[in-house]
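Participant: missing the sequence, but the structure's below:
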């Protein structure tokens, strides 16, 4: 467990109002397993005793990003509102997947995030948070992480304390750039890529760069020759590679959509997609296709779980956007923590 907290003087890149409202603890180590195993705690300066907690996991396709992403300006009002409403914030790193080769693929990131949740819950007294009132929030890859740990009961076993189990279930989940599955075959099944298809998606530069790392595929010795001979479908971005182990095993293991992980007991999910509800025409829109929103909504509502989804804005909402005049996404995030 976390042994102690050292207070840091100021929070980088934020307003004076935030710094005046926070006790900041930077780079609190939660594990010895990897070099990214650090979190930052932002505790309201007026807090007394344990508080609710908003736990943030950054995006970056599981291969990049950092907990400091939470200090970007778009989160400043949310941070300040939480601090002023007696809510502690934790922004957390996880072990990134190697772009070139990692036999566990993006499972590396997901499992290490689970380790972080376990340590945070077991260190709740030191962190001065309520372990039963932790709301997960994420962006992109971080969104999938908080969904994964809010839709099915999962456990944690510390290596040297085999009998010390804690639930990794988060109270609720809030996500920016949602996607119901990391299984590319499911995207085709749910018609999220009607024009480009999987092979067209995988031929995009961002996927060429990251896909081998995501799926635990080791480049063959003659990868340069293979890519030279297949300029429009470079390794590993083709069906033959996606259909072999470990790629298939990784996609299926962490497929909450296909595995039926979303049940009536799943926690409430608040999500927002920031691209228009039309056929995508840019790479970023394919990564977070707006066409997955309705299947995402259906996945929750079909089993009786609560979900609230936003579109690009209130004028262009998704089908389950709350009634006219209701609060926006960040206001609902704050409300979900306070409940």
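Facilitator: Ah, there it is. It should be emphasised that the depicted structure is a prediction, and the values quoted were computed from it without experimental measurement.
Participant: quick one: contacts for residue 172?
Facilitator: Residue 172 makes contacts with 135, 136, 150, 267, 268, 269, 270, 336, 337, as judged by C-beta atoms under 8 Å, 6 or more residues apart in numbering. Where C-beta positions appear, they are placed from N, C-alpha and C, glycine not excepted.
Participant: in the sheet, who's paired with it?
Facilitator: Judged by DSSP bridges, the bridge partners of residue 172 are residue 135.
Participant: on that earlier part again, next step: the contacts of residue 172 restricted to strands.
Facilitator: Taking DSSP state E, the ones among the contacts of residue 172 that sit in strands are 135, 136, 269, 270.
Participant: Including pLDDT, distance to residue 309 and neighbour count, could the residues you listed go into CSV?
Facilitator: Listed next are those as CSV, based on pLDDT from 0 to 100; distance: C-beta to C-beta, whole Å; neighbours: other C-beta atoms under 10 Å:
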residue, pLDDT, distance to residue 309, neighbour count
135, 95, 17, 27
136, 96, 16, 30
269, 92, 8, 27
270, 89, 8, 23
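Participant: between these, which is closest to residue 92?
Facilitator: residue 136 (9.9 Å; C-beta to C-beta).
Participant: From residue 32, how far out is that closest one?
Facilitator: Separation of residue 136 from residue 32 (C-beta to C-beta, to the nearest Å): 24 Å.
Participant: Output the below-cut-off pLDDT ranges for the stretch 151-300 of the chain.
Facilitator: Within the stretch 151-300 of the chain, the set of residues satisfying pLDDT under 70 comprises 157-164, 274-287, 289-290.
Participant: Hmm, residue 54 is touching residue 92, no?
Facilitator: No - counting by C-beta atoms under 8 Å, residue 54 stays clear of residue 92, with 11.0 Å between them.
Participant: Where does residue 42 fall, secondary structure wise?
Facilitator: Assessed by DSSP states H and E, residue 42 sits inside strand 38-44.
Participant: can you give me the angle the next helix or strand after that strand makes with strand 38-44?
Facilitator: Downstream of strand 38-44, the next assigned helix or strand under DSSP H and E is strand 51-57. Orientation check (axes from the mean of the first three to the mean of the last three C-alpha atoms, to 10 degrees): strand 51-57 against strand 38-44 gives 140 degrees.
Participant: So for strand 51-57, mean pLDDT?
Facilitator: Per-residue pLDDT over strand 51-57 has a mean of 97.
Participant: which other helices and strands contact that strand?
Facilitator: strand 88-92, helix 107-122, strand 129-139, helix 141-148, helix 329-338 (3 or more C-beta pairs under 8 Å, 6 or more residues apart in numbering; DSSP states H and E).
Participant: Excluding its own residues, what touches the third one? List them.
Facilitator: Under the contact criterion C-beta under 8 Å, 6+ apart, strand 129-139 has outside partners 50-59, 69, 88, 90, 117, 120-122, 124, 144-147, 149-150, 166, 170-177, 333, 336-337.
Participant: Nearest residue to the most centrally placed residue in the chain in space, please, no chain neighbours.
Facilitator: Nearest residue to the geometric centre of the chain (C-alpha atoms, centre = their mean): residue 142, 1.6 Å. Distance criterion C-beta to C-beta, 6 or more residues apart in numbering; nearest residue to residue 142, sequence neighbours excluded, is residue 57 at 3.4 Å.
Participant: for residue 310, same thing?
Facilitator: residue 272 (4.1 Å).
Participant: Which residues does the one you found form beta bridges with?
Facilitator: In this entry, residue 272 is beta-bridged to residue 176, residue 310, by DSSP bridges.
Participant: Could you tell me how many residues sit around it?
Facilitator: Residues near residue 272, counting by other C-beta atoms under 10 Å, number 25.
Participant: so it sits right up against residue 140, yeah?
Facilitator: No - here residue 272 does not reach residue 140: they are 11.7 Å apart, not a contact under C-beta under 8 Å.
Participant: Next, show the common contact partners of those two.
Facilitator: Residues touching both residue 272 and residue 140 (C-beta under 8 Å, 6+ apart) are 176, 177.
Participant: Strand partners (parallel or antiparallel) of the strand holding residue 42?
Facilitator: For strand 38-44, pairing defined by DSSP bridges yields strand 22-29 (antiparallel), strand 88-92 (antiparallel).
Participant: per-residue confidence for residue 316?
Facilitator: 44.
Participant: Correction: the previous question concerned residue 323.
Facilitator: 50.
Participant: Look at residue 194 and give its secondary structure.
Facilitator: Secondary structure assignment for residue 194 (DSSP: H, G, I helix; E, B strand; the rest coil): coil.
Participant: what about it, how many residues close to it?
Facilitator: Residues near residue 194, counting by other C-beta under 10 Å, number 11.
Participant: Check the gap between it and residue 310 for me.
Facilitator: Distance of residue 194 to residue 310, computed by C-beta to C-beta: 23 Å.
Participant: Also residue 145?
Facilitator: Counting by C-beta to C-beta, the gap from residue 145 to residue 310 is 20 Å.
Participant: residues touching residue 98, list them.
Facilitator: 63, 213.
Participant: List the contacts of residue 200.
Facilitator: Contact analysis of residue 200 by C-beta under 8 Å, 6+ apart lists residue 193.
Participant: tell me which of the contacts of residue 172 is nearest to residue 84?
Facilitator: residue 337 (12.4 Å).
Participant: roughly how far apart are the closest one and residue 76?
Facilitator: Distance from residue 337 to residue 76, by C-beta to C-beta: 17 Å.
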